[in-house]
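[1] Next comes the sequence, and after it the predicted model I'd like to discuss.
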Amino acid sequence: MLEMAEKPLIIYALPPESPWGHPIRDAYGLVRVRESGYWEDGYRQRKFKKLRAKHSTYHHEVACMQGSNLTKRQLLAWGGEHFARYGISEKELDGFLDYVRHLELLVFEVRDSTGEKVLTDVSVIMPERGQVYGSFCQWNPAFRNDSPGLYACLLAAQWTYDQGYETYNLGPVGDYPYKHLFVNDVEPIYSLAICPPEHALMRDASSPLWADFEVEHWNRLERDRHTAWRASDYLQSLP
């Protein structure tokens, strides 16, 4: 299959149990919601209390739906502005719809007293991993002072705990300092980079090859099982 695929080819987020791929420079930020002392941590308690207070008068809706029932129209209604802001392509949206066909979605919607939308947050429920994966959050800039993005993370983490799951996955954490409030563990993001020799990407320092991958991992398929990835080292590297 890989031999037939068009090159360059970059594949992110291979399963951790797969024999393929290598850790990129970023990592998944995890909230181990059942870890002893997580909710009792004094700093988090103060921050979480403030977030809840800011949104206490707002109307909250939470729903779970089968991914097979999700349409592109609904997906765009939830996150169209977010997708445009971050350059998410139609192809990527189609890929998301295909990916969630056999999964369940968790959706939070928060509105103020006039009915104006404050945020929509969408996660994917992965019961076989005991995990809820945060997919995207679209929030209204008019409510910036209420920190709706942070509040969405809190809602999802609390739901993860209340429903008996082990982990809320915040996705890549390296470029998103706001996630550090929640994160108490990390996991490697295993990925592949296949690029023909002398291709322009190899000379472009801004390309994903250079930004995300170690040079020694270019064009290498099989994972090195003898090289340990240490979560503690990555956590210490976070600002």
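    Okay, I see it. Residues are numbered from 1 along each chain as shown.
[2] now for the helix or strand bottoming out on mean pLDDT in the chain, which elements pack on it?
    The weakest-scoring helix or strand in the chain, judged by mean pLDDT, DSSP states H and E, is helix 231-237 (a mean of 82). Helices and strands touching helix 231-237, as assessed by 3 or more CB pairs under 8 Å, 6 or more residues apart in numbering; DSSP states H and E, comprise strand 185-194. Heads up, the C-betas are built off the backbone N, CA and C, glycines and all.
[3] following the strand it packs on, which helix or strand comes up?
    helix 208-212 (DSSP states H and E).
[4] Just the helices from the protein, written as ranges.
    42-54, 72-85, 90-99, 148-162, 208-212, 231-237 (DSSP state H).
[5] Buried deepest among those helices, which one?
    helix 148-162 (a mean of 21; mean count of other CB atoms under 10 Å).
[6] Next one: the nearest residue to G174 once chain neighbours are set aside, what pLDDT does it get?
    Of all residues not flanking G174 in the chain, D26 sits nearest, at 4.1 Å (CB to CB, 6 or more residues apart in numbering). At D26, the model reports a pLDDT of 94.
[7] give me every residue that touches D26.
    P172, V173, G174, D175, I189, D212 (CB atoms under 8 Å, 6 or more residues apart in numbering).
[8] what does P127 give?
    Y165.
[9] Distance of it relative to L70?
    Computed with CB to CB, to the nearest Å, the distance linking P127 and L70 is 18 Å.
[10] now Y133
    Per CB to CB, Y133 is found 15 Å from L70.
[11] R129 too?
    Distance, R129 to L70, using CB to CB: 20 Å.
[12] Who has more neighbours out of the two?
    The residue with more neighbours, out of R129 and L70, is L70; 19 against 14, by other CB atoms under 10 Å.
[13] pretty sure the more buried one is touching L97, no?
    Yes: assessed by CB atoms under 8 Å, L70 is found in contact with L97 at 6.3 Å.
[14] so how far is N145 from K50?
    12 Å.
[15] ok, the most centrally placed residue in the chain - contacts?
    Closest residue to the average C-alpha location of the chain: G171 at 2.4 Å, with CA atoms, centre = their mean. G171 makes contacts with Y28, G29, Y133, G134, S135, as judged by CB under 8 Å, 6+ apart.
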